[in-house]
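*Asks:* Structure, please.
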Amino acid sequence: MRRPRQSWAGLWNISFGFFGIQVGFALQNANMSRIFQSLGTSLDDLPALWVAAPLTGLLVQPVIGHLSDRTWLGRLGRRRPYFLAGAVLAAIALLLMPESPGLLMAALLLWLLDASLNVSMEPFRAFVGDMLDKDQHAAGYAVQTAFIGAGAVFGSIFPWLLEQAGVSNVVSGGGIPDTVRYAFWFGGAALFLAVLWTVLTTREYSPAEMARFDGDAVDAEDQARVTQALARRPLGGSLAWIAAGALVIAGVALLGLEKELYLLGALLVAYGVASIVAIRRARGGQAADMLGHIVGDFGGMPVLMKRLAVAQFFSWSALFIMWINTTPIVAGAFYGAPDARSPLYQAAANWVDVLFATYNGIAAVAALTLLPLLARWMGQARTHIVGLLCGAAGFASFFVVRDPHWLLASEIGIGIAWASILAMPYAILASSLPQRKLGIYMGLFNVFVVVPQLLVATVMGSITKHLFPHAPIWTLAFAAAALLIAAVAMTRVERARVA
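*Replies:* Residues are numbered from 1 along each chain as shown. Now for the predicted structure:
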């Protein structure tokens, strides 16, 4: 049995909440480095303060995916309870962030904000798959990407618009300017209201309806399959994860690397230990619980998902390099103002808001126009390759441009890549994965969004400090190279789909 076809109004209602979520993400991405530097941190310490964001996504999304696959709260539904709870908490974090008295409070609020946004965001990815039949998946994720782009435009450009309206963009003696303060307050309200729109205007299919569409939900047969697969899994793989984590921890101590890498080593060890626990429980005859499903489904990902994960890893490495470093790059290399206390630095930071709004606006337009045309002509995988190559060219152009206004042209390529990264992988996955476990698989796929961010936030800090401490623009060379590698990785996804 097929799902009813959604009209454009239906597609709008399903994804409009993502507009608000992305307002929050855009304010975070474009302004957190600015807030941290305005509160007194140095360029070298920025990656460490950003570690909280990807870490919360890594921990939250698989758990929320697993839970939302199994939730049904009557009229509130399956995914919508998570939209709403995350939106309330994220709005609170946005309202409090500009009032941070120091770095510790700002870092804690960044953790709360990112965790809350992830609680809302992960079920939204699965929500499209729940509500749409396969022939509408590409359209559904395109509309979602358009709202992501539109929300990011509003979130990114709002401080600049406030400055044009006469709101103060400088605080005497340093601190968070009123342009950022009011933008965060506006963003909190916009996030909550947009998510509330989706909650109130959509009706989720009941478990009985989902069973008619896709067969039984997460049933006893699936439970048995995961448990049996775990019981057969050798412990050697789990020990290898623990050994890898121990090597990372030892390398930090012996080579004097950034201490944030201890976190990466601890995560590797923790996953190895969790695998051992899940395997031993399965061998002891215990049915797979949430831990067992997360470990079992991560190790049992379909081949196409594994290949797509490689491209996702390098794509998001490039994006996180951009989000952390664009403000200090533009301020230092194009405005000659590396000091966050100077008015010229704050002007550069507002121009970064415009640049981020530009690439997000390009993404919104490309998602509804260019990408669907290319996907029909050459397929989704090849379309993604083209998008990634456009992004690599955009990052490379930073080394050619001299006038910061011409960076708007660079953002065109980056915007096309961003649209493709947000739409194509999820459209490919939603059409290839079992619908009854779409939430947990989407959450596990987020591992390949989060792990590269952790690596960038730790390793890139060491690279910047030792190789070009006063020229962070060279980090964009790494970003361009990462997108090129992602494009090459997508050729294997294309072959997997053909096969």
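*Asks:* Give the next helix or strand downstream of the helix or strand containing A318.
*Replies:* Secondary structure assigned from DSSP states H and E places A318 in helix 303-329. Secondary structure here is assigned by DSSP H and E; on that basis, the next helix or strand after helix 303-329 toward the C-terminus is helix 343-368.
*Asks:* What helices and strands are in contact with that following helix?
*Replies:* Contacts of helix 343-368 with other secondary structure elements, assessed using 3 or more C-beta pairs under 8 Å, 6 or more residues apart in numbering; DSSP states H and E, are made with helix 8-38, helix 137-164, helix 303-329, helix 407-430. Using the backbone N, CA and C atoms, a C-beta is placed for each residue, glycine as well.
*Asks:* what angle separates the shortest one from helix 137-164?
*Replies:* Using axes from the mean of the first three to the mean of the last three C-alpha atoms, to 10 degrees, the direction of helix 407-430 lies 150 degrees away from that of helix 137-164.
*Asks:* circling back to that earlier point, in the helix holding A318, what's buried?
*Replies:* Of the residues in helix 303-329, those buried under the neighbour-count criterion (16 or more other C-beta atoms under 10 Å) are 304-305, 307-329.
*Asks:* With stretch 381-401 instead?
*Replies:* Neighbour-count burial for stretch 381-401 [16+ other C-beta under 10 Å]: 381-398.
*Asks:* And for stretch 273-288?
*Replies:* Buried residues in stretch 273-288, counting neighbours by 16+ other C-beta under 10 Å, are found at 274-276, 278-279, 281-282, 288.
*Asks:* what does stretch 473-489 give?
*Replies:* Neighbour counts using 16+ other C-beta under 10 Å place 473-476, 478-487, 489 of stretch 473-489 among the buried residues.
*Asks:* Next: stretch 264-271.
*Replies:* For stretch 264-271, by 16+ other C-beta under 10 Å, it's 264-265, 267-269, 271.
*Asks:* how far away is the residue nearest the centre of the chain from V273?
*Replies:* The chain has V449 as the residue nearest its centroid, 5.9 Å off, counting by C-alpha atoms, centre = their mean. In this view, V449 and V273 are 23 Å apart by C-beta to C-beta, to the nearest Å.
*Asks:* for S68, same thing?
*Replies:* Computed with C-beta to C-beta, the distance linking S68 and V273 is 26 Å.
*Asks:* and if you look at A229?
*Replies:* 19 Å.
*Asks:* ok, now A393?
*Replies:* Using C-beta to C-beta, one obtains 43 Å as the distance from A393 to V273.
*Asks:* now swap in T464 and tell me
*Replies:* 32 Å.
*Asks:* and if you look at M424?
*Replies:* In this structure, M424 lies at 35 Å from V273, with C-beta to C-beta as the measure.
*Asks:* and what of S168?
*Replies:* Distance, S168 to V273, using C-beta to C-beta: 51 Å.
*Asks:* Which members of the buried residues of stretch 381-401 are positioned in helices?
*Replies:* 381-396 (DSSP state H).
*Asks:* Closest to I428 out of those residues?
*Replies:* Distances from these to I428 were compared by C-beta to C-beta; the smallest belongs to A381, at 6.9 Å.
*Asks:* roughly how far apart are the closest one and T491?
*Replies:* Taking C-beta to C-beta as the measure, A381 and T491 are separated by 8 Å.
*Asks:* quick one: contacts for F192?
*Replies:* 20, 87-88, 91 (C-beta atoms under 8 Å, 6 or more residues apart in numbering).
*Asks:* next one: G245
*Replies:* By C-beta under 8 Å, 6+ apart, the contact set of G245 is 264-272.
*Asks:* Would you check how far apart A243 and G296 are?
*Replies:* In this structure, A243 lies at 21 Å from G296, with C-beta to C-beta as the measure.
*Asks:* same thing with G265?
*Replies:* According to C-beta to C-beta, G265 stands 24 Å off from G296.
*Asks:* Also W111?
*Replies:* 28 Å.
*Asks:* next one: G140
*Replies:* When C-beta to C-beta is applied, the distance between G140 and G296 equals 28 Å.
*Asks:* likewise P404?
*Replies:* According to C-beta to C-beta, P404 and G296 sit 50 Å apart.
*Asks:* who's more crowded, these two?
*Replies:* When neighbours are counted by other C-beta atoms under 10 Å, P404 and G296 differ, and G296 comes out ahead with 23 against 18.
*Asks:* Wait, the more buried one touches D289, no?
*Replies:* No - because the distance of 10.4 Å does not satisfy C-beta atoms under 8 Å, G296 is recorded as not touching D289.
*Asks:* N169 sits in which helix or strand?
*Replies:* If you go by DSSP H and E, N169 is not part of any helix or strand.
*Asks:* Also A244?
*Replies:* Remark: A244 resides in helix 235-255, with elements defined by DSSP H and E.
*Asks:* In that helix, which residues are buried?
*Replies:* Buried positions in helix 235-255, judged by neighbour count with 16+ other C-beta under 10 Å: 238, 241-242, 244-245, 248-249, 252.
*Asks:* Over to stretch 130-150?
*Replies:* 130-132, 136-150.
*Asks:* on that earlier part again, narrow the buried residues of stretch 264-271 to those in helices?
*Replies:* 264-265, 267-269, 271.
*Asks:* can you redo those as CSV with distance to A194 and pLDDT?
*Replies:* Conversion of those to CSV gives the following (distance: C-beta to C-beta, whole Å; pLDDT from 0 to 100):
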residue, distance to A194, pLDDT
L264, 34, 78
G265, 39, 85
L267, 32, 83
L268, 37, 88
V269, 39, 93
Y271, 35, 89
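*Asks:* is it possible to export those residues to a markdown table including distance to Q164?
*Replies:* Written out in a markdown table, the entries for these read as follows (distance: C-beta to C-beta, whole Å):
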| residue | distance to Q164 |
| --- | --- |
| L264 | 42 |
| G265 | 47 |
| L267 | 43 |
| L268 | 48 |
| V269 | 50 |
| Y271 | 48 |
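*Asks:* lowest-confidence helix or strand of the chain?
*Replies:* Of all helical and strand segments in the chain, the minimum by mean pLDDT, DSSP states H and E falls on helix 46-50, at a mean of 60.
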